[in-house]
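Here is the input, now give the coordinates:
(2 chains)
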Protein chains: 2
Amino acid sequence: MSFMVSHNLAISISSSSSTFLAPCSFNPRSQNVSLNAKRVGICKCVAAQEEVLTAYKTKVSRNANIAKLQAGYLFPEVARRRSAHLQKFPDAKVISLGIGDTTEPIPEVITSAMAKRSLALSTIEGYSGYGSEQGEKPLRRAIASALYKDIGLEEDEIFVSDGAKCDISRLQMMFGSNVTMAVQDPSYPAYVDSSVIMGQTGQYLKDAEKYGNIEYMRCSPENGFFPDLSSTSRTDIIFFCSPNNPTGATATREQLTQLVKFAKDNGSIIVYDSAYALYISDDKPRSIYEIPGAKEVAIETASFSKYAGFTGVRLGWTVVPKQLLFSDGFPVARDFNRIVCTSFNGASNISQAGALACLSPEGRKAMRDVIGFYKENSNIITETFETLGFKVYGGKNAPYVWVHFPGKSSWDVFAEILEKTHVVTTPGSGFGPGGEGFIRVSAFGHRENILEACRRFKQLYN
Amino acid sequence: MSFMVSHNLAISISSSSSTFLAPCSFNPRSQNVSLNAKRVGICKCVAAQEEVLTAYKTKVSRNANIAKLQAGYLFPEVARRRSAHLQKFPDAKVISLGIGDTTEPIPEVITSAMAKRSLALSTIEGYSGYGSEQGEKPLRRAIASALYKDIGLEEDEIFVSDGAKCDISRLQMMFGSNVTMAVQDPSYPAYVDSSVIMGQTGQYLKDAEKYGNIEYMRCSPENGFFPDLSSTSRTDIIFFCSPNNPTGATATREQLTQLVKFAKDNGSIIVYDSAYALYISDDKPRSIYEIPGAKEVAIETASFSKYAGFTGVRLGWTVVPKQLLFSDGFPVARDFNRIVCTSFNGASNISQAGALACLSPEGRKAMRDVIGFYKENSNIITETFETLGFKVYGGKNAPYVWVHFPGKSSWDVFAEILEKTHVVTTPGSGFGPGGEGFIRVSAFGHRENILEACRRFKQLYN
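This next block holds a predicted model:
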């Protein structure tokens, strides 16, 4: 008895969050389901489908752009598989090296500042209501002077936010639907997904595993993870992330000089994601603005998430230099400011107090310790896979290790690792077709979990 | 000597934040500027303009939708005039009853929970990284049970956010550019501005002071501040705010029943802004879902900003019922979830801890006290203007008092009040053409400032 399960049934069958929001997962052909259960299940499905056919529908069309998206956002998908695995192996000690989620406590110099600001909000002198949407002046000033000292940025070129992921969508809202964009392939999924949502792309092309109208710039071992710009078409916007998520590759000064020239020659705007800049330990550039001329072509976005464990606290910033102009001479910063004023009401004042503490001398030392800890994790993971004979990339200037499994499907490798070692990683193809054949192992974890995960990798692959 | 000052000059003339981001304000014809200064100013302007003509411009076109916006977002405009006034009268004791910014300290039961969560982030057991983009389960559960008990909402119909203003733009991003919308006139500017930015509207029509393709539903004393739905055209989306910002008007059960029927008959989706719901002291509905059938036609957005002084802390939520379906039967909540997962990374965990404390019995009592305080301010302001012979609206179930100045330009009245009493209010026309002839006085302020402002109003208008 074949049976078509449509997404509508998700409403009627289950009201638990993950099931409601996921494509319906009831499969009457599942081998683990008894015949009676199948019959009942199918009857329920049929009844449910009839319910849905009579359910009231508004006359508002779904946004066709969102309909283009192929599946859920990558990390909730990985999380769903992790949950399913835990249901199957409830006693397994699952170790999560999938989503790049920080695990180490936030240094006290930072949290005590946030506690202090929280309590101050209960006092007349210390209470503050709406802050500037662009961020509190002392913080903007501190970011400019602590992190861009030699570059010379002014405080009003810095827009404080609740994180780089949020800023990327606000930037996309600013750019609108009539721009073309280029991304590295593989890349952090938010660039492509936000582009699709904003209507900048065509349909998903199944064979290519790409969306139409996006220029995918392949980054692979063959080209040292820097795209061949001579064969890259012009686009309005170029997303570039270095140190790179997911490959961990870090662009050199020469490469970024090429990139800035490419943007300048084409009149493009680079959106430079520098969320992992402070993981760099050699002399590679930490900011795109170290390259002369970059202020005229680049926006830079950044975050405290991976420096200070602020993944849940939420604080980032975006730099829009005054020199960056649209084709008619209008300053990009003014339109970004308009978006920020209309769509946003500022980052939490408590999070901003935390960020300010991050930038004190004591805070910066504390962040260096946190970053150093994760980098040591990275080394351990890198050494493990290298010892096992794998070709390993990244890991040096980034908290991600990019492991090559030539000729294999990355979701299959992900599934096998999860099944046999109870370690969650991220399949490379989740970051684009250029990620196929790779697994991303993130270096965020308690040291004992990193060591245990590596022991299990050795068991599996020896 | 006439001289065209273009916006480009804002870059070269001044680098201070407010000037950079504002239309250029240098006016060579200003009577206060000496002839020499004029000459120098003009020479600087010419030189600057030449600089800009040679400045590098990218080839990226400005988003034509943003270019449709007429001026800065309303409240930064009001703030700018306040700053200018302070420069002119540096010793004036300016009282701000303009932007609805809370002033009273946050009750300790709430801030101590945030301080506790901050410090917990420094411990192994207490540390948390990325939270669910939809919000922490205990908070979603608490919102459902504390605030929607009789309505019966499930926790996964609640999406926690960093505030209603932010949610409005995320909703607009979800709806896309191919929907039509209706707003009350006057209304909170973020609905119209986000609609323009998303490309749902036509150009600004100067004579009408409206954007093309938006259905403006006039709300005035003549219709009891509830639109005449019989003469309202169908739109896909209907923004409705009650208690209303800026008029303070609160819809009755009968009116909302009409609204829900109107939406149902037209297949429209209501976006119901309930940010001031807890200011209601009579038996008017606090949630659109008190109306039968509303779950099939309405999204509701809400916030702790005006209940707990969270304007800077940032915590709100949006309800998307499971029963709300697009025309093809696809659940709206699934697309909203996709937007939330792509464009957002969750509200700050510390703010969420504060919100949870707000919903404890002690927290709810504390919020009632805060709200009661502002409502008393509202009474004082209402009585003052009524005593002075003005027709006054709102104020009863809302922290806004809507004062009628028939036949007058609201920006002129705003300017006169500011000039002569040093009190900042908000001109009604900033909320739409239906606001012309009205001034919004917000009730957020220390009691002594409210009393002092009212003394000054009495002086001016007696």
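
Low-confidence ranges, the stretch 1-150 of chain A, go.
Low-confidence segments of the stretch 1-150 of chain A (pLDDT under 70): A:1-53.

50 instead, please
When residues are selected by pLDDT under 50, those of the stretch 1-150 of chain A lie in A:1-20, A:22-41.

Now it against chain B: closest residue?
A:K59 (2.6 Å; C-beta to the nearest C-beta). (Each C-beta comes from the backbone N, C-alpha and C, glycine too.)

tell me which parts of the stretch 351-462 of chain A are close to chain B?
Within the stretch 351-462 of chain A, the residues that sit near chain B (C-beta under 8 Å from any C-beta of the partner chain) are A:S351, A:G354, A:F444.

Compile the residues you listed into TSV and extend it with columns for pLDDT, neighbour count and secondary structure.
Supplementary listing: these in TSV, determined by pLDDT from 0 to 100; neighbours: other C-beta atoms under 10 Å in any protein chain shown; DSSP: H, G, I helix; E, B strand; the rest coil:
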residue	pLDDT	neighbour count	secondary structure
A:S351	98	31	helix
A:G354	98	31	helix
A:F444	98	25	coil
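
Which member of these is positioned nearest A:Y191?
Checking these against A:Y191 by C-beta to C-beta gives A:F444 as the nearest, at 21.2 Å.

The closest one touches A:T103, doesn't it?
Yes: if you go by C-beta atoms under 8 Å, A:F444 and A:T103 touch, sitting 5.4 Å apart.

Spell out which residues are contacts of both of these two.
B:G129 (C-beta atoms under 8 Å, 6 or more residues apart in numbering or on different chains).

who are the neighbours in contact with A:F175?
Taking C-beta under 8 Å, 6+ apart, one finds A:M198, A:Q200, A:D236, A:I237, B:V60, B:N63 in contact with A:F175.

Identify the farthest-apart pair in the residues you listed.
A:M198 and B:V60 (14.3 Å).

before we move on, back to that, run a quick neighbour tally on the residue of the stretch 1-150 of chain A closest to chain B.
Residues lying near A:K59 (other C-beta atoms under 10 Å in any protein chain shown) number 12.

how many neighbours does whichever residue of the stretch 251-400 of chain A sits closest to chain B have?
Relative to chain B, the nearest point of the stretch 251-400 of chain A is A:G267 (2.6 Å; C-beta to the nearest C-beta). Applying other C-beta under 10 Å, we find 15 residues neighbouring A:G267.

Report the separation between the residue nearest to it when sequence neighbours are not counted and B:E154.
Spatial nearest neighbour of A:G267, excluding adjacent residues (C-beta to C-beta, 6 or more residues apart in numbering or on different chains): B:K59 at 2.6 Å. Distance, B:K59 to B:E154, using C-beta to C-beta, to the nearest Å: 49 Å.

Same check on A:E452?
On the measure of C-beta to C-beta, A:E452 and B:E154 end up 38 Å apart.

Same question for A:D193.
27 Å.

likewise A:R338?
For A:R338, the distance to B:E154 - C-beta to C-beta - is 37 Å.

With neighbour numbers in mind, choose between these two.
Higher neighbour count among A:R338 and B:E154: A:R338, with 21 against 16, using other C-beta under 10 Å.

Need the three-state assignment for that one.
Following DSSP: H, G, I helix; E, B strand; the rest coil, A:R338 is assigned to helix.

Go ahead and list the helix or strand containing the closest residue to it other than its chain neighbours.
Once flanking residues are discounted, A:R338 sits nearest to B:I66: 6.0 Å by C-beta to C-beta, 6+ apart. B:I66 belongs to helix B:64-68 when assigned by DSSP states H and E.

Having no further points to raise, I will conclude here.
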